[in-house]
Every structure is written in structure tokens, then in C-alpha cells.
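Chemist: Everything below, folded, please.
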Amino acid sequence: MKHSNVQLFKRFYPYMAKYKGILAADLFCAGLTTLCDLVLPVIMRYITNTATDSAQMLAISGILKLATLYFVLRIIDAAANYYMAGAGHIMGTKIETDMRRDAFEHLHKLSDNYFANTKVGQIMGRITNDLFDVTEFAHHCPEEFFIAGVKGLISFIILALINPWLTLIIFACLPVMVVVCSRFNRQLREVFRKQRVQIGELNAQIEDSLLGVRVVKAFGAEELEQEKFAEGNEKFLKIKTNGYRLMAAFSTTTRLFDGLMYLIVILAGGIFVVKQYINPGDLVAYIMYVTTLLATVRRIIEFAEQFQRGMSGIERFCEIMDADAEIFDAPDAKSLENVKGEIEFTDVSFEYPDDHNKVLKHLNLHIKPGERLALVGPSGGGKTTLCNLIPRFYDATDGVVSIDGRDVRHITVKSLRDAIGMVQQDVYLFSGTVYDNIAYGRSGATKQEVIAAAKMAGAHEFISTLARGYESYVGERGVKLSGGQKQRISIARVFLKNPPILILDEATSALDNESEYLVGKSLAKLTDGRTTVTIAHRLTTIQNADRILVLGGDGIEEEGSHEELLAKNGKYAALWNGAKRLDSQTF
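Modeler: Numbers count the residues shown, from 1 in each chain. I've put the predicted structure just below:
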């Protein structure tokens, strides 16, 4: 959805209004600098007209007084300009910071569906590069337009008092210039929008290639990646080239208007002097005011690029803020306290909003407090979806998911997720130390508590062998650690959180046998006394589950303990026998 400039200004205004005191002072200083520019033509007009009428009347003392006045004005101009350049830019930076903070906060409110359909590189571009130009925009936009308005109005009044006809002739060019500039501005806006989209694509491509650099090297696909990047880079070059050509045409057109206005002053002004409609000093004032006006117009034109970049950045910011936060606290939402861990699905159906793929249909399930429930079945059967509905990563399309008898949609999101711990197959470790990643489980945890959690997760022994122990840097996404080590750190993180409800999403499926054994011991400790929902592909890991569900296209197809399901000789038994044959072939 495209926004008009007026709509964007309305969205941007609350951020600027927060600093209205600084803005008012900045505009006051802008007015002082404008005063200096407008006084000089009046001084030169007085000196020229006085000297033309009678050189004797132009006393040295009078010139000294005028020079002193202008010197004082220049000191004022310097002080005002210092404030504008300093405080004005700081105000712009604060606005940029506020907008980036709000965008970052809003992104964390969006559902998984948004991130599934939006490239991270595009998001990164919107909250970093796109907002860089807002600093200049926030500072210069009100300032430049204020100065232009003041100079234009006062110049018109002064010149009209000197000679209204010549003034009307000169100012008649300005509407034509405004119309032409407006057309160029619209085209520039579109070019800058395309630039930002393409740089976001480049960021996404770079991120994708670098994060998968081991796969790239393993398949010898360096040239392929370079070709893909070169294609995107060349596209960005073409967009920027078109933008600079447009800027060149814009600049050339405005220079032609500059020449036209000077030509009018020379022709019409010269004729008016010959006809004695104006004095030579008045013509000097006209030339200086026209020069001042054109300098202002030139600044506005030069600012036009920054203006459109700023508007484009604000528009891309608004696109983030306009993304619906599908998961939010209901007005009557209350905190979840004294959690027992009873979970119930009542006639629950779910379909993904982007492709309307129906995953769950009229599911009914009751999980007792402290029960260890395992989910098995083919891919696409809804195992992960079922687990994602408990912490409200998505909301059920129909039906009710409840914890301890309370609909999760009427529980505050924070308290709900505080009560749930998750260990996933694809472990994500943040760039930082081992200690930082474990401590992420609970804000404010002591070092002793972090170490105790690591010991319970079976991670303390290997951590102690690292070069810097708990202060060892894990690398981007934990690349310096093995899969089993990363998994045990993630388990330690959940131990530290100590939630009453636990979700294990294929937590050991990507590990080797030795790592699986070690992680399995840690998970056995972790699940003790907690309501646990486990998704498993390796059926040997869930033999001791209290209950196993086989999920398929028709929902819950089988249910019971490991022994009961084997006795039924149904789908679970087929999966178990197939897994055993595969293991025997492997060894």
C-alpha cells in the first residue's frame, strides 16, 4: 500500500512532536539566519541609492554603522547556525532512534506467519538503512521549508513595495518551477523506493549465502553464488543509474529556471532603469534578492533528494508498523499463576493464513498435569502445529486451547510463555558467550544458578574444558560448538527457566548416537514432574512416555502407551518395526 506525503507526515508527526521544544528553537535560529540574508540587499540598496543621488550624503560614519550592524547579524547567524547544526541533528537522531525502537518492538509482536513470508534482509534494511535518512529529514525538512517560506514571503513584500510590476514578472516563474519540480519529485520517490527494495534483496541474498557458506563450499557453488549476487548487484546499479539521470535532469531544469529569472531581471530591470521606473539601487536589491531566492530554491532542490529518501524511509517504516500483530493480549487477559500444567484442545481446527492449508481438524485432546505425551506420525500431520498453538505462536482458527481450564487467548502472552519451555531440533544460540546463552533462560539469574542449570543439563563438564569456560565465545549461531553441545546448552537454558510445561520438538533427531544418549539423559531430568509434549522421529526416545499419539491426516489416529500401541499392531507398530529394520541395516 502506497502512502501520500500527507499521510506519511501524519504518521511521522508524533515522533517530531515529542521534541517540539528543540524544533521550535531550531526554527527560531533558522529565522535568525534568514534575517541576515534578507538584510544585506536592503543595506546595499541604501548605499547604492544614496551614492547615486549624492555621494556627499554617504558618510563614513553611516557606512561604519551599517557594517557594525551587519557584523553583529553575522555573529548572531554563526551562533544560530551552530545550534541548528548541533541540536537539530541530535533531534533528528533521537527521532530515528525512537522509530527504530518502535519498529523493533513491533516486530517482536508479529506472528511466525509474518517472518515466514518476509525476508530477514528486507526487515534489517527497514530498521537500519531506511531510517538513517530520517535524521537528515527530521532536521532539515521543517527547517528548509520554513526558511524558504520566510525568504519567499519577505522578499516578495519588500520587492513589491519597491516595484510591484517587476516583482510580479519575476515571481510569475515560480509556479511553473513548482509544477515541474513536483513531477520530478514523484519520479524520484519511486526510484528511491525501488532502491530500498533492491538493497533489501541484496541484504537478504548476502545473509542467505553467508549463513549457508559451508553448504556453498561443500557443493563448490561459489561461482553460482557470485553470479546470483552479480545479477542483483547489477540490478541495483541500473536503479541507481536511473535515479542519478533523473537527478541530473532535475538539476539541469532548475538551472535553466535560474537563468530565466536572471534574464528577466536583466531585461525587465534594465528597461525599468532606463525608463526611470526604479533606481539603480533598487535594481541591485532586486538582483540580490533574486540571488537569495534562487539560492534558497537551489537548497530546496538539493534537499529534494534527501526529502524523498526520508519519505521513502518513513514509508518503509510504516509498512512494518502496519503489519498486523495477530497475537496480542485481549482486554480481559490476566496473568497465568500457580500453573499445574493441564492442557486441553477442544474442537480445535487450524489453517495457515497465507495458503489456507488445513492442518488440524476438530481436534480434541486432554493432557493431564505432569503427563509425558509424545506425538508421532508423518510430516505434515500437524505435530509441530499442535505444539505451536500452546504458547500462541499461532491462534487456533476454530475451537479453544486452554491451560488449567483457561483459554490461552485470555491469558497474557508473557505469563503464558513464561510458563512454557521449549527445546527444538534447530538450536539457536545467540552470538555471545556460553554463560550469556544459558542466562538467557531467566533474567537476573546468579552465576551459581547458571552453573547449577548447566550441571543438570549435563553441560558443565564440556563447558569446563573450553578455553575460557563459561566465558567462551560460541560464534555466530553457535558454530564453534557441536550439535550435542549446543543442544545441552539449550536444555540448560530451559532448566534455568524452570517452566511447568515443556515442549520438545524433535530435540535429538539431528544428533549422533553418543550425543543423543547424553542429551537424552539431560532431557529425562528436565521432564521429571513437568507436563511434557514431545515430537519425535526416533521412536526409541519416547518408549517411556505416559501416552503416545499418532497424528495423521484424520487427526488422532492411534493413542496409548508404547506397549499398548504395539499390541494393536496398527500404524505405530508399523512405524516401530520400520525403524527397527532401518537400525539393523544401518549397523
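
Chemist: Can you name every helix or strand that the helix or strand residue 549 falls within contacts?
Modeler: Here residue 549, judged by DSSP states H and E, is contained in strand 547-552. Packing partners of strand 547-552 (3 or more Cβ pairs under 8 Å, 6 or more residues apart in numbering; DSSP states H and E): strand 372-376, strand 555-560, helix 562-568, helix 571-586. All C-beta spots, glycine's among them, are computed from the backbone N, C-alpha and C.

Chemist: who's in contact with residue 129?
Modeler: 196, 199 (Cβ atoms under 8 Å, 6 or more residues apart in numbering).

Chemist: re the thing from before, pull up the pairing partners for the strand holding residue 549, direction included.
Modeler: Sheet pairing of strand 547-552 (DSSP bridges) gives strand 372-376 (parallel), strand 555-560 (antiparallel).

Chemist: what pLDDT does residue 507 get?
Modeler: pLDDT, residue 507: 69.

Chemist: do residue 585 as well
Modeler: Reported pLDDT for residue 585: 48.

Chemist: sorry, back to before: gap between the strand holding residue 549 and the chain center?
Modeler: Relative to its chain's centre, strand 547-552 lies at 40 Å (Cα atoms, centre = their mean, to the nearest Å).

Chemist: list the buried ones in that strand?
Modeler: For strand 547-552, the neighbour count (16 or more other Cβ atoms under 10 Å) marks 547, 548, 549, 550, 551 as buried.

Chemist: would JSON lines of those with pLDDT be doable?
Modeler: Formatted as JSON lines, those follow (pLDDT from 0 to 100):
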{"residue": "547", "pLDDT": "93"}
{"residue": "548", "pLDDT": "92"}
{"residue": "549", "pLDDT": "92"}
{"residue": "550", "pLDDT": "90"}
{"residue": "551", "pLDDT": "88"}
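
Chemist: Measure how buried the residue nearest to residue 167 when sequence neighbours are not counted is and give me the count.
Modeler: Using Cβ to Cβ, 6 or more residues apart in numbering and skipping the chain neighbours, the partner closest in space to residue 167 is residue 159 (4.2 Å). Residue 159 is flanked by 22 other residues according to other Cβ atoms under 10 Å.

Chemist: Repeat that for residue 83.
Modeler: There are 17 residues near residue 83, going by other Cβ under 10 Å.

Chemist: Just read off the phi/psi values of residue 163.
Modeler: Here is the backbone geometry of residue 163 (degrees, to the nearest 10): phi -160, psi 100.

Chemist: one step back: could you point out which of the buried residues of strand 547-552 is nearest to residue 248?
Modeler: Set against residue 248, the nearest of the buried residues of strand 547-552 by Cβ to Cβ is residue 551 (62.8 Å).

Chemist: just checking, the closest one touches residue 385?
Modeler: No. Counting by Cβ atoms under 8 Å, residue 551 sits too far from residue 385 to count as a contact (9.4 Å).

Chemist: which outside residues touch stretch 274-281?
Modeler: So stretch 274-281 is in contact with 44-50, 52, 162-163, 165-166, 269, 272-273, 286, going by Cβ under 8 Å, 6+ apart.
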